[in-house]
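# pasting the structure only:
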């Protein structure tokens, strides 16, 4: 049975990876899951300098999901290179570094700093809804998507994955813009902008007022967007949005995703990634699927 | 590898209007847990995704059980309050750091709890080998007072006391002053305004004070960065000034955090 998949020339032992921001740099979860068994670990977004993130409360639960506005708190690229990359190098898994920034120059600085680092892929976060500058500002305008993709491709030594926002009228247009800019792969979806009012406190449930919605409730939207993008571009897609088990992951794969990321599910089931790996294997065995390639985009 | 476990409910009783006391059977947690730590409880209704962090009120190593005393504040805790003996609940823990009992051994210790911050002070008091002055602060209705009376000298502070209740009318610090309590160390858990007042009292008295804090959490294990508090020193995780309450806390030296 073959569960290997290929993203922009990088071979993953299986299609299951972590979604940025839900798994730190793996250290906390390494007490719960054997990181060697994951296709890849996608790190929490890292910027050129440390970011303190947003005020608390930073999260709120909503029906079948949650809102977060962490605000990309991170230690900056220096600590990341000294501490987090060596930690992840102890494991036999691929390392995908999620990169965030406020300006094009910030993104470029991080990408250039990573050039001589032993990491496999870069995922560029142009879709965070929770920071005032950067983030989603780049991800909602196709011209900006193409421009920043092209800028980063000039500098990056590793293949570049552009992470797309669902908070747009037509995500396929953004996908085509990233492809035109030279992206090697796409990941989607980031969170959907939402809001919750605390009726007892009579104010916003989270300090940032709005937050990114994730969790099982967003999954049908994410599957639809993966399907649309798979029809629009030739690039490999990493699908995510509400995946909590193998059945969910297989929906994304059949809709056209080459790999999948587990995000919010890590918060309520620290073993969700491994269970998804095992569940995909049992599905393949039960349905006599020899190679996972047979399933990718099967509905397209 | 660590993982979630399924615990069996041993007993559940309502001990005040919205306050419940539940003993659950969980050998490993009972074996490892320290006072001031908490566990995550997961809802059976999966539309409620996130675990609820609940502090340990008592730890019974011999029987392999822990006691949770919690307030029903929403649908998740309401679900827990309906569990009966023999039912099961998914849990993870023990989590967080707990109170540093060694810092108080043999000393005069003020153990202050306010509202639903009172329960974790019980196991703390029970395990502490020291001169214990326990001050529990309530809005109106009392709970756990008999349990505390067995663990040390108990003083009550009640904002709106009922008739015949022997207590200080006011907050925990009013009770400390009224009873002229003098301590070498403070351990406290309660709402932020109470902790803020206790922190400044400890500064004024120049005594060390450890406080247990609370914030909305998602993962409970230090990964999601939801439950941060502002710290004086640069934190070890993100190298900013944000300590993680679930992982670096919930107990902090009061001078270490901004309230």
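Now that the structure is in, tell me what you want to look at. As the structure is a prediction and not an experimental result, all values here were calculated from the model.
# tell me the contacts of the residue nearest the centre of chain B?
Nearest to the mean C-alpha position of chain B, counting by C-alpha atoms, centre = their mean, stands residue B:120 at 3.3 Å. Under the criterion of C-beta atoms under 8 Å, 6 or more residues apart in numbering or on different chains, the neighbours of residue B:120 are B:35, B:36, B:38, B:55, B:56, B:57, B:113, B:189, B:212. From N, CA and C alone the C-beta is placed, and that goes for glycine too.
# and the helices in chain B?
In chain B, the helices defined using DSSP state H lie at B:27-32, B:75-81, B:120-127, B:145-151, B:172-178, B:192-205.
# I meant chain A, not that one.
With DSSP H, the ranges of helices along chain A come out as A:76-79, A:85-89, A:104-113, A:136-139, A:142-155, A:171-180, A:219-232, A:246-254, A:265-268, A:272-286.
# per the record, what domains does chain B have?
If you go by automatic domain parsing, the domain ranges for chain B are B:5-95, B:102-207, B:213-259.
# hey, which of those domains is tucked in deepest?
domain B:213-259 (a mean of 22; mean count of other C-beta atoms under 10 Å in any protein chain shown).
# how far off centre is that domain?
What separates the centre of domain B:213-259 from the centre of its chain is 16 Å, taken as C-alpha atoms, centre = their mean, to the nearest Å.
# likewise stretch A:99-118?
Put simply, stretch A:99-118 sits 17 Å off its chain's centre (C-alpha atoms, centre = their mean).
# give me the contact list for that stretch.
By C-beta under 8 Å, 6+ apart, stretch A:99-118 touches A:45-48, A:51, A:72, A:74, A:77, A:81, A:85, A:89, A:95, A:97, A:122-125, A:128, A:131, A:133-135, A:147-148, A:151-152, A:155-158, A:160.
# one more: stretch B:62-77?
B:10, B:15, B:18-27, B:29-31, B:33, B:39, B:41, B:43, B:45, B:48, B:52, B:54-60, B:78, B:80-81, B:115-116, B:118-119, B:122, B:143-144.
# ok, and which of these reach chain A?
residue B:48 (C-beta under 8 Å from any C-beta of the partner chain).
# could you tell me the least trusted of the helices of chain A?
Comparing mean pLDDT across these, the lowest value falls on helix A:136-139: a mean of 83.
# run through the neighbouring helices and strands of that one.
With contacts defined as 3 or more C-beta pairs under 8 Å, 6 or more residues apart in numbering or on different chains; DSSP states H and E, the packing partners of helix A:136-139 are helix A:142-155.
# quick one: least confident helix or strand in chain A?
In chain A, the helix or strand scored least confidently by mean pLDDT, DSSP states H and E is helix A:136-139, which has a mean of 83.
# buried residues, that one. List them.
For helix A:136-139, the buried set under the neighbour-count rule, 16 or more other C-beta atoms under 10 Å in any protein chain shown, comprises A:136, A:137, A:138, A:139.
# ok, residues contacting it?
A:126-129, A:144-145, A:148, A:163-165, A:167-168, A:174, A:190.
# coming back round to it: would JSON lines of the domains of chain B with mean pLDDT be doable?
Shown next, in JSON lines, are the domains of chain B (pLDDT from 0 to 100):
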{"stretch": "domain B:5-95", "mean pLDDT": "98"}
{"stretch": "domain B:102-207", "mean pLDDT": "97"}
{"stretch": "domain B:213-259", "mean pLDDT": "95"}
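# need the ones you listed in a markdown table with distance to residue A:185, can you?
Formatted as a markdown table, those follow (distance: least, C-beta to C-beta, whole Å):
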| stretch | distance to residue A:185 |
| --- | --- |
| domain B:5-95 | 28 |
| domain B:102-207 | 45 |
| domain B:213-259 | 25 |
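# closest to residue A:15 out of those?
Judged by C-beta to C-beta, the one of those that comes nearest to residue A:15 is domain B:213-259, at 21.9 Å.
# is that closest one anywhere near chain A?
Yes: Domain B:213-259 is in contact with chain A by C-beta under 8 Å from any C-beta, via B:215-219, B:221-229, B:237-242, B:247.
# next step: those residues restricted to strands.
Residues from the residues of domain B:213-259 next to chain A lying in strands, with DSSP state E as the criterion: B:228, B:229, B:242.
# dump the residue contacts of the last one.
Read that as residue B:242. Counting by C-beta under 8 Å, 6+ apart, residue B:242 makes contact with A:52, A:53, A:73, B:225, B:228, B:229, B:230, B:231, B:235.
# the longest strand in chain B is where?
strand B:5-16.
# adjacent strands (with direction) for that strand?
Next to strand B:5-16 in the sheet, as set by DSSP bridges, lie strand B:19-25 (antiparallel), strand B:88-95 (antiparallel).
# can you report how many residues neighbour the residue in the stretch 201-300 of chain A that chain B sits nearest to?
Closest contact between the stretch 201-300 of chain A and chain B, by C-beta to the nearest C-beta, is at residue A:267 (4.4 Å). Burial of residue A:267 is recorded as 27 neighbouring residues (other C-beta atoms under 10 Å in any protein chain shown).
# okay, the helices of chain A, which one's buried deepest?
helix A:265-268 (a mean of 26).
# chain center to it: distance?
15 Å.
# show me what that helix is in contact with.
With C-beta under 8 Å, 6+ apart, helix A:265-268 has contacts from A:18-19, A:22-23, A:29, A:66, A:215, A:243-245, A:272-273, B:42, B:49-51, B:218-219, B:223-224.
# shaky segments in chain A?
Within chain A, the stretches with pLDDT under 70 are A:132-134.
# grab the nearest non-local neighbour of whichever residue of the stretch 51-200 of chain B sits closest to chain A.
Nearest residue of the stretch 51-200 of chain B to chain A, counting by C-beta to the nearest C-beta: residue B:51, 6.3 Å away. Excluding its sequence neighbours, the residue lying closest to residue B:51 (C-beta to C-beta, 6 or more residues apart in numbering or on different chains) is residue B:40, at 3.5 Å.
# that neighbour touches residue B:93, doesn't it?
Yes: contact criterion C-beta atoms under 8 Å: residue B:40 and residue B:93 qualify, at 6.2 Å.
# which residues does the residue nearest to residue B:51 contact?
B:51, B:52, B:53, B:54, B:91, B:92, B:93, B:95, B:217, B:220.
# among those, which pair sits farthest apart?
Taking C-beta to C-beta, no two of the contacts of residue B:40 sit farther apart than B:91 and B:217, at 14.3 Å.
# ok so, going back, next one: the residue nearest to residue B:51 from residue A:266, what distance?
According to C-beta to C-beta, to the nearest Å, residue B:40 and residue A:266 sit 13 Å apart.
# then residue A:284?
For residue A:284 relative to residue A:266 (C-beta to C-beta), the value is 23 Å.
# do residue B:108 as well
Taken as C-beta to C-beta, the span from residue B:108 to residue A:266 is 44 Å.
# likewise for residue A:34?
15 Å.
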